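> I would like the atomic coordinates for the input below:
(chains A and B)
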Amino acid sequence: MKTALGDLELRQPRTLDEALAMLRDDGPLLPLAGCTDVYVQLEFGVMPARRFMDVSRLRELRGIERMDGGGLRIGAGATYTEIVRAPLVAQRLPMLVAASREVGGVQIQNRGTLGGNVANASPAGDSLPVLAAADAVVVLRSAADGERRVPFTAFHTGYRASVLRPDELIVAFEIPPVEGEQWFRKVGTRAAQAISKVVFAGVKGGPRPRIAIGSVAPTVVRAFRTEEALASGASIEEAQQVFGEEIRPIDDIRSTAEYRRRVAANLLRRWWVGQ
Amino acid sequence: MPQPAVAADDPSPSIPPTPAVGRSVPRKDAAEKVSGEAKYVDDLTLPGMLWGRTVRSTVPRARIKAVRLCFDTAGFTVVDHTDIPGRNVVALIEEDQPFLAAGEVRHIAEPILLLAHEDRDTLMAAKVEIDYEILPPVLDMLASTEALKRLSIDKGDLEAGFAEADLVLEGEYRTGSQEHVYIETNGMIAVPEPDGGITLMGSLQCPYYVHKAIKPLMDLPGDRVRIVQAETGGGFGGKEEYPSLIAGHAALLARKSGRPVKIVYDRGEDMWATTKRHPAIVRHRTGVTRDGRLTAMEVDVVMDGGAYVTLSPVVLSRGCIHAAGAYRCDHVRITGRAMRTDTPPNGAFRGFGAPQTLFAVEAHMDRIAEALGMDPVELRERNALRPGDTTATGQEMQEDCAALDVLREAVERTDFHRKREEYRGTGRGIGLSLFFHGSGFTGSGEVRLASRAALEATETGVRILVGSSEIGQGTRTMHAQIVADAMGLPYEQVETALPDTAKVPDSGPTVASRTCMVVGKILQNCAAEMISRLGGLTPMEYARRHGPLVVSQDYVPPGDVKWDDDTYKGEAYAHYGWGCNVAEVEIDPDTFEARCTAFTAVEDVGKAIHPVLVRGQIEGGSAQGIGWALNERVVLVEGAMANATLTNYTIPTTLDTPPMDIVIMERPGKHGPHGAKGVGEMPIDGPAPAVVNAIRHAGLDVREIPATPEVLMAAAPSEEAACASS
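Coordinates of the predicted model:
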């Protein structure tokens, strides 16, 4: 049943410092930007939070910038549409453009943010395998401790759980240069407005292959052992075997564990072998 | 063509207006809907109005031991079955479904208790606990021993037919449930009247069905019950019988509180609690000669009716009558049964049983062609019904029987045979389906309905008085076109009264592709009667001089339509529309997703009164059929929908919908206005088998829908086999 809207509280800080102070002094507050996940949870009556903080106006969270040494810094408040339209992302992280184009539909892409996708911590988040495969770093900030940096692969600790503290905001993602050919594939429940049944990002042709996959475990999986196998010359069949051991798919209302397992193996082959 | 009414004293020679029929005139409801001015039930607020809510069972079968209200009841109206002034049954075909559970629940989401409060948040927050004594439920139609309806259709001598056969092929085909996903959820407002009567306004297809159900519930005479249709955002059959239930609930709350009460379901409740398409299992055993002639067809149809009878007998009936497909065969036996299960009742849904059985026979026909090594088009051409042939019920086909016409047109347009060769072994496939759909109520149903329509001469033209509802399909526009031409008036001078049982006659339900063919015809007769009564005046002149004039006419059964309800023999429908669909699919070898990439529909509707609306019905019905074929999976847990959200019940988006080539064919029937035979339902009959036959052509033996990637994976060669062969 829908959450009663009358009891909800919304704070609207004007600056990042004000927002961090609110989190410290007046928490708990659930940050919201595009609301594309929040509204769904309110509609289904499964949103535990009643107090929210609007971070969509914080200029400090916006922007997509070049970093020294060829890296990329994407503000947590960047929308998918901004990512799709950014030449810098197309040039340096095309698999993130591919992923952003497949999030929801155009309206969702206009509202939804990269920071929101990560903070929501669903294992089916479409951008998550890209950030995992790209060795992204999550930049967190709090009034108490200032900034800290967490490798993306260490950010999520379980199903809808992360290292993010209640007094912290995700402010940006830093993505070092990615060498090699990037590949992304979402297998959703339909062609648009779909939740992923399997979502895969891979990089090959660089110093070592990198593989990340979503919707097949409580968190997105960076398949280090499969990468290792392929790097050391294993056959694709051997790599598929290892890959199968690294994922933990389940049956749910959207698909089956068996389907996810087989499709994950097929995508690994498609990505690595091609035809 | 009726002549225009020309005023005797008109000094200038009258120029007849341009006929409206056959032209895509502006919709009567377009401006209000596009501008947002149209008022749907949730837009209406009345002084002192309360919000209503339904408390439902969370278990499939149980005795109710206790109901506890865990909230401060001040300001609340609470209703249970003991508050019902009349009879606790939803009057429809059988009287087995209660408005509110009395001691026992028979499906998840069954209404038990009603609450109303003026503050919606307070209402929603109110907590009710129910103690159950759990009983073992029957959730599987094949495990059920309780039939809600059984029937059989017999033609010829089945054994003799099988004796003629060179090959006998058997098969079992399964179709899943389907949710309507009308854009507006169910909603109703009840208003208690000072005289003790009740007025209901809501989203509904059939005002007189609601009227029939509310009278015994409230123990009121017909003239104290008034049903008004609010603007309605789609139905697809989902607002045929269900609105009686929500109307009853709103009425009970209004009676007890003495205030207007509005109940509007949110999407989750609407999907979880209301009717769906009947899941079906259809078994075929067919005899055929080596050269492809059907010699015997034995068909067994099982449908899951859910917990109460509702409309299941007639859904089963239509399904069975269409079960042998658009083919001639001398020896046919069709048996059908609708089984009771402890699940929410299934109900009317576009096609009404026919899509299930037509899926089975059309998938089976492609398997027969494969077994014979024969082209699927040739097999269909060989057996398609032609004028003079008889259906399974012995109905003789008339000159408008267009099975071969639609088939040949579709095959030629799509370059079917070339693509059939070209796609072989490429992961692409092309398949077709041939189908027909009977218009109007089955058998003697129209005679029993005895529908009536009326026309009123006004100072601005004529007003149509019918109980038929506009639910987005274009009723008001189409009826106005028919009346305009029959009266010789410009289309702009015809208006339609709001369906309101206090003001319009009972034109029967707005279902079964009958609103044009049956009600449109009665309106044509009304127009002829009015012209004869106007004494040469225009309706406007008449109204100004003599005051309003209302003429009404009753349904006249066509003389050549005879039906026997006991033996299921005779003219099952006055007319059939005919259709052929061709679907092309691409199957992703990694993900087993089948994507429909092109779709062609050639459909004979007799006469397209409004070509754009007809095209819209065909496009929409085809998209809905493709969704049912590939993706719309109702996940049932304990018999109830576990994916009752638009996120997880995935109807096709624009990106899932292929480009469509639509061809409207017109082979006029004798009985409908201008030869019209109906179009609302037929478009959903053909897409699923065409898609599944295309998947078969691409190499996967699939016999069930939805043919989700998971189903296709199961039909694909196993991983080990695939690895070994690569």
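> Surely B:Gln205 and B:Gly467 touch.
No. Applying C-beta atoms under 8 Å, one finds B:Gln205 not in contact with B:Gly467, separated by 10.1 Å. In short, each C-beta sits where N, CA and C put it, glycine included.
> Overlap in contacts, the two.
B:Thr510 (C-beta atoms under 8 Å, 6 or more residues apart in numbering or on different chains).
> And B:Ala363, how far from B:Thr477?
B:Ala363 sits 37 Å away from B:Thr477, going by C-beta to C-beta, to the nearest Å.
> for B:Leu114, same thing?
Taking C-beta to C-beta, one finds B:Leu114 at 38 Å from B:Thr477.
> same deal with B:Lys155?
Note on B:Lys155: its distance to B:Thr477, by C-beta to C-beta, is 41 Å.
> Please apply the same query to B:Thr335.
Distance, B:Thr335 to B:Thr477, by C-beta to C-beta: 42 Å.
> neighbour-wise, which of these two wins?
B:Thr477 (25 against 17; other C-beta atoms under 10 Å in any protein chain shown).
> okay, which residue of chain A is out on the far edge from center?
Most distant from the centre of chain A: A:Gly6, at 31.3 Å, with distances by C-alpha atoms, centre = their mean.
> That residue: what's it in contact with?
So A:Gly6 contacts B:Asp121 (C-beta under 8 Å, 6+ apart).
> for it, helix, strand, or coil?
Following DSSP: H, G, I helix; E, B strand; the rest coil, A:Gly6 is assigned to helix.
> cool, and B:Met271?
Here B:Met271 is helix, with the state taken from three-state DSSP.
> What is the neighbour count of it?
The number of residues near B:Met271, taken as other C-beta under 10 Å, comes to 24.
> That one reaches B:Gln178, doesn't it?
No. Using C-beta under 8 Å, B:Met271 makes no contact with B:Gln178, being 11.2 Å away.
> Stretch B:254-273 spans what distance, first to last residue?
End-to-end distance for stretch B:254-273, by C-alpha to C-alpha, to the nearest Å: 22 Å.
> Buried residues in it, which are they?
Residues B:254-257, B:259-265, B:267-273 are the ones in stretch B:254-273 that count as buried (16 or more other C-beta atoms under 10 Å in any protein chain shown).
> Of those, which belong to helices?
Within those, residues falling in helices by DSSP state H are B:254-257, B:267-273.
> From B:Ile705, how far out is the closest residue to chain A within the stretch 151-300 of chain B?
Ranked by C-beta to the nearest C-beta, the top residue of the stretch 151-300 of chain B for proximity to chain A is B:Asp266, at 5.9 Å. Distance, B:Asp266 to B:Ile705, using C-beta to C-beta: 28 Å.
> tell me the contacts of the residue lying closest to B:Gly467 once chain neighbours are set aside?
With sequence-adjacent residues excluded and distances taken as C-beta to C-beta, 6 or more residues apart in numbering or on different chains, B:Gly467 is closest to B:Ser507, at 4.2 Å. Neighbouring residues of B:Ser507 by C-beta under 8 Å, 6+ apart: B:451-453, B:466-468, B:519, B:522.
> any idea how far B:Ser507 lies from B:Pro221?
Taking C-beta to C-beta, one finds B:Ser507 at 21 Å from B:Pro221.
> burial count for A:Gly233?
Applying other C-beta under 10 Å, we find 7 other residues in the vicinity of A:Gly233.
> ignore the last one, B:Asp588
Residues lying near B:Asp588 (other C-beta under 10 Å) number 16.
> Thought B:Ala698 was touching it, still the case?
No. Using C-beta under 8 Å, B:Asp588 is not in contact with B:Ala698; the gap is 10.9 Å.
> overlap in contacts of these two?
By C-beta under 8 Å, 6+ apart, B:Asp588 and B:Ala698 have these common neighbours: B:427, B:594.
> my guess is B:Asp304 meets B:His278, correct?
Yes. The criterion here is C-beta under 8 Å, and B:Asp304 meets it with B:His278 at 5.8 Å.
> who touches both of the two?
Shared contacts of B:Asp304 and B:His278, defined by C-beta under 8 Å, 6+ apart, are found at B:177, B:338, B:346.
> secondary structure class for the last one?
Following three-state DSSP, the label given to B:Asn346 is coil.
> repeat for B:Thr510
What three-state DSSP gives for B:Thr510 is coil.
> the strands in the stretch 451-600 of chain B, which residues?
Using DSSP state E, counting those that start in this stretch, the strands of the stretch 451-600 of chain B run over B:452-458, B:461-465, B:494-496, B:549-554, B:563-564, B:569-570, B:575-587, B:594-604.
> What is the fourth one packed up against?
Under the contact criterion of 3 or more C-beta pairs under 8 Å, 6 or more residues apart in numbering or on different chains; DSSP states H and E, strand B:549-554 touches strand B:452-458, helix B:521-533, helix B:539-546.
> Near the nearest residue to A:Ala223 once chain neighbours are set aside, how many other residues are there?
Spatial nearest neighbour of A:Ala223, excluding adjacent residues (C-beta to C-beta, 6+ apart): A:Ile211 at 4.2 Å. A:Ile211: 29 surrounding residues under other C-beta under 10 Å.
> Repeat that for the one 3 residues further on.
Burial of A:Gly214 is recorded as 26 neighbouring residues (other C-beta under 10 Å).
> ok now do it, which residues does it touch?
By C-beta under 8 Å, 6+ apart, the neighbours of A:Gly214 are A:123-126, A:128-129, A:196, A:198-200, A:220-221.
> if you set the cut-off to 10 Å instead, what comes out?
Residues near A:Gly214 by C-beta atoms under 10 Å, 6 or more residues apart in numbering or on different chains: A:99, A:122-130, A:132, A:186, A:196-201, A:220-221.
> One more: B:Glu456?
B:Glu456 sits next to B:462-465, B:495, B:497, B:503, B:526, B:530, B:539, B:543, B:548-552 when contact means C-beta under 10 Å, 6+ apart.
> for B:Met517, same thing?
Going by C-beta under 10 Å, 6+ apart, B:Met517 touches B:439-440, B:446, B:573-575, B:577, B:605-607, B:669, B:671-673, B:675-679.
> Could you write me a PyMOL select line covering just the buried ones among those residues?
Only the buried entries of those go into this PyMOL selection, using 16+ other C-beta under 10 Å:
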select buried, chain B and resi 439+440+446+573+574+575+577+605+606+607+669+671+672+673+675+676+677+678+679
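> Now narrow the contacts of B:Met517 to whatever sits close to chain A.
With C-beta under 10 Å from any C-beta of the partner chain as the criterion, the contacts of B:Met517 include none near chain A.
> Which of the contacts of B:Met517 fall within helices?
The helices in this structure, assigned by DSSP H, contain B:Glu446 from the contacts of B:Met517.
> can you tell me which of the contacts of B:Met517 are in strands?
Where the contacts of B:Met517 overlap with strands, as defined by DSSP state E, the overlap consists of B:439, B:575, B:577.
> So B:Gln205 and B:Gly467 - more neighbours on which side?
For B:Gln205 versus B:Gly467, neighbours defined as other C-beta under 10 Å are more numerous around B:Gln205 (30 against 27).
> helix, strand or coil for the more buried one?
Per three-state DSSP, B:Gln205 ends up coil.
> Lovely, talk soon.
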